[in-house]
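K.L.:
no sequence on this one, just coordinates:
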């Protein structure tokens, strides 16, 4: 990966308590999206300890949701130990805990990234059209030297940099949005808005060590371990429309998967159990076969 010299872009400031947009098409329920927004306000200090949290009616107006949805969001805050709900006194913040790690299951990674805009902000460090080198050309099924849009960003979680992102898209795809759009809207949403539906992806997860530049960007020491995620996204026609590499701080981001042992005629194997939140809050369980593992 080519790490550039620094060129700080202009960051769009937004208030921590500014109205957030919900994504009605996401697999994550609306009440949980509201929970993420309110939790972010608590962690950032926009809602201070002892301060009253917007009530059910307030949330209905801000997010255009039903009272049942608003109530579930507040109940989730209470279950997380962030607020206390008292009849006649409303809901108040009880503490301001330290910044938590963002947790994502392997299968929910795409949805998790799309929803990060609810509780994080993106800062664009560099944005340019450049000739594709061999690695990028191979990933995007193009010739070396073809032009691509290259964007370098850092994602901030409650004031703390949590990930460094490099994205590459073919030049004709990238012309549909500007640098400023990447500060406010997830790249996948920009692609789909431009008519390039994300139909499939191939992703690898490994480990990497932070070089001097990435370390300074993420406020960590050079040589610190990072989670290295790379993904190639293709549209419904099979065209590669995005190549992304993300370096995560493992103290602020982790992956989880649930597994269960399945007995078959020729032996036992592990399968991952996926839990996909539906809009009504129900969870649809399904299984994906994994390679046979004999280590316990």
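P.N.:
It's in. Values in this document were obtained by computation on a predicted structure and should not be read as measured data.

K.L.:
Can you measure across stretch 126-146, start residue to end residue?
P.N.:
Distance across stretch 126-146, first residue to last, is 19 Å (Cα to Cα, to the nearest Å).

K.L.:
So which bits of it are buried?
P.N.:
126-127, 132, 136-137, 139-140, 142 (16 or more other Cβ atoms under 10 Å). For every residue, glycine as well, the C-beta is placed using N, CA and C.

K.L.:
helices or strands up against the helix or strand residue 122 falls within?
P.N.:
Secondary structure assignment for residue 122, by DSSP states H and E: strand 120-131. Strand 120-131 is packed against strand 147-157, with contacts defined by 3 or more Cβ pairs under 8 Å, 6 or more residues apart in numbering; DSSP states H and E.

K.L.:
The strand it packs on: what's the following helix or strand?
P.N.:
strand 160-170.

K.L.:
Distance from the next helix or strand along the chain from that following strand to the middle of the chain?
P.N.:
Once the chain leaves strand 160-170, the next helix or strand it forms, by DSSP H and E, is helix 171-174. Distance, stretch centre to chain centre, for helix 171-174: 23 Å (Cα atoms, centre = their mean, to the nearest Å).

K.L.:
Contacts for helix 171-174 next, please.
P.N.:
Identification of contacts with helix 171-174 by Cβ atoms under 8 Å, 6 or more residues apart in numbering yields 129, 146-149, 191, 194, 196, 241-242.

K.L.:
Can you say which of those residues are buried?
P.N.:
Those of those that meet the buried threshold are 148-149, 191, 196, 241-242, by 16+ other Cβ under 10 Å.

K.L.:
Show me how this protein divides into domains.
P.N.:
Domain ranges of the chain: 30-93, 112-246, 257-289, per automatic domain parsing.

K.L.:
can you redo those as a markdown table with mean pLDDT and distance to residue 23?
P.N.:
Formatted as a markdown table, those follow (pLDDT from 0 to 100; distance: least, Cβ to Cβ, whole Å):
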| stretch | mean pLDDT | distance to residue 23 |
| --- | --- | --- |
| domain 30-93 | 88 | 7 |
| domain 112-246 | 90 | 7 |
| domain 257-289 | 58 | 10 |
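
K.L.:
any chance of these in TSV, plus distance to residue 21?
P.N.:
TSV is the format used below for the domains of the chain (distance: least, Cβ to Cβ, whole Å):
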stretch	distance to residue 21
domain 30-93	9
domain 112-246	8
domain 257-289	16
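
K.L.:
for those domains, which one sits closest to residue 22?
P.N.:
When the domains of the chain are compared by Cβ to Cβ, domain 30-93 sits nearest residue 22, at 5.0 Å.

K.L.:
if we can go back for a sec, okay if I get the contacts of helix 171-174 as TSV plus distance to residue 214?
P.N.:
Shown next, in TSV, are the contacts of helix 171-174 (distance: Cβ to Cβ, whole Å):
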residue	distance to residue 214
129	23
146	26
147	25
148	21
149	21
191	25
194	29
196	28
241	25
242	21
